[in-house]
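1. after the sequence you'll find the predicted model.
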Amino acid sequence: MDFDFQPYIIGETLVVRPLSEDDFDGLYQAASDPLVWAGHPAKDRHLKEVFIPYFDTLHEAGATVVVLEKSTGKIIGCSRYYVAPTPGQEISIGYTFLGRAYWGGTVNAELKSLMMGHVFKFRPDVWFHIDPTNIRSQKATAKLGAVNMGEEELDLGNGAARWMCFRLLKSDWEVREDT
């Protein structure tokens, strides 16, 4: 597949770059707040002993990017590109988390815009898979203009589970960006 899963992207206020082993401390700092994981199925991921294997999984995936505040270089979260285990082998964005100080503003929108812009250079759509209990992520994804295409049983690396499948077409994103 002709797709760069670990791009280096510079935005207005963010830098998105490949995750490295040296990023553990900075990323754990962003993840160590229990409220970051309150609406997530892995509610104890703020604990270091739980975060370590998660970080190792992200690093081994080879498709994870860290998100840095451009003005300070501080790591504020991460996200990941992956190929969905579906017949169309769609490019997906997920495993995203941001430090709580970066919620509710423009950071998530800029991050997703940078990441989707990268996907849309290669593909006409992008997918998001969200746990049915993660209401905050569902709302944030819907705000981007993505449409819930239903639920599927998928194995995204931790065993089969039910996921809500949201799809965003490049054409819909471009119309939204122009308004």
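-> Alright, I've got the coordinates.

2. so what's the closest residue to I135 other than its chain neighbours up against?
-> Excluding the flanking residues, the one nearest I135 by C-beta to C-beta, 6 or more residues apart in numbering is G39, at 6.3 Å. Glycine gets a C-beta too; all of them are placed from N, C-alpha and C. Contact partners of G39, counting by C-beta atoms under 8 Å, 6 or more residues apart in numbering, are 133-137.

3. list phi and psi for G39.
-> When read as degrees, to the nearest 10, the backbone of G39 gives phi -100, psi 10.

4. likewise P132?
-> phi -60, psi -20.

5. distance of it from F122?
-> Counting by C-beta to C-beta, to the nearest Å, the gap from P132 to F122 is 29 Å.

6. do the same with L19
-> 20 Å.

7. still on that earlier bit, can you flag the buried ones in the contacts of G39?
-> 134, 137 (16 or more other C-beta atoms under 10 Å).

8. quick one: which of the contacts of G39 sit in helices?
-> Using DSSP state H, the members of these that fall in helices are 135-137.

9. would JSON lines of those residues with distance to G62 and pLDDT be doable?
-> Below are these laid out as JSON lines (distance: C-beta to C-beta, whole Å; pLDDT from 0 to 100):
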{"residue": "I135", "distance to G62": "30", "pLDDT": "83"}
{"residue": "R136", "distance to G62": "27", "pLDDT": "79"}
{"residue": "S137", "distance to G62": "23", "pLDDT": "82"}
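
10. and of those residues, the nearest to T86?
-> S137 (19.1 Å; C-beta to C-beta).

11. show me what contacts the closest one?
-> Taking C-beta under 8 Å, 6+ apart, one finds 39, 96, 128, 130-131 in contact with S137.

12. on that earlier part again, including distance to A109, could the ones in helices among the contacts of G39 go into TSV?
-> Listed next are these as TSV, based on distance: C-beta to C-beta, whole Å:
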residue	distance to A109
I135	18
R136	14
S137	14
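
13. from the residues you listed, which is closest to G157?
-> S137 (17.0 Å).

14. count the neighbours of K139 for me.
-> Around K139 sit 10 other residues, with neighbours defined as other C-beta atoms under 10 Å.

15. could you point out which element follows the helix or strand encompassing it?
-> According to DSSP states H and E, K139 maps onto helix 135-143. Reading on from helix 135-143 to the C-terminus, the next helix or strand found by DSSP H and E is strand 147-155.
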